[in-house]
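Q: need coordinates for the below:
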Amino acid sequence: MSGSAFNAFKARVPVEWSPNLYVTLVRGLPGTRRLHRRTLEAMRLRRCHRTVVHRTTPSLLGMINQVKRLVVVETEEMYNARKQQEEQNKALRPPIVVSHHQPSS
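A: Coordinates of the predicted model:
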């Protein structure tokens, strides 16, 4: 997974210590161990591609280490930079013009 877009994104943003961590569940829960499911439930991660904010504590770091294959962890700067990049990539669609007039012959 070294060529993933997220790893390319992480390379652009310097990683620094942050008081808050943004944890996103990126893998599905079916087929995972019960212990991992209980850990994710304790972290309030119940659905895929949902992000929660937690204070950086040793217990949280231990939980993240336990389910590190299922989640992506970002600092505040990384999360804000990713959201800003997503906003810039949203394409503006031109307005749809509907004309109800019959062309005159």
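
Q: report the central residue of this structure.
A: T24 (4.8 Å; C-alpha atoms, centre = their mean).

Q: how about low-confidence regions in the chain?
A: Counting by pLDDT under 70, the chain contains low-confidence ranges at 1-17, 91, 105.

Q: just give me how far stretch 46-66 sits from the chain centre.
A: The chain centre lies 12 Å from the centre of stretch 46-66; the measure is C-alpha atoms, centre = their mean, to the nearest Å.

Q: and I96, what element?
A: Taking DSSP states H and E as the criterion, no element holds I96; it sits outside all helices and strands.

Q: number of residues surrounding it?
A: The number of residues packed around I96, counting by other C-beta atoms under 10 Å, is 5. All C-beta spots, glycine's among them, are computed from the backbone N, C-alpha and C.

Q: distance of it from Q102?
A: I96 is 19 Å from Q102, where distance means C-beta to C-beta, to the nearest Å.

Q: ok, P30 next?
A: With distances taken as C-beta to C-beta, P30 is found 56 Å from Q102.

Q: now swap in L25 and tell me
A: Separation of L25 from Q102 (C-beta to C-beta): 55 Å.

Q: same check, this time on L70
A: Counting by C-beta to C-beta, the gap from L70 to Q102 is 59 Å.

Q: neighbour count winner among these two?
A: A count of neighbours by other C-beta under 10 Å puts L70 above the other of L70 and Q102, at 21 against 6.

Q: show me the residues around L61 that make contact.
A: Not one residue lies near L61 by C-beta atoms under 8 Å, 6 or more residues apart in numbering.
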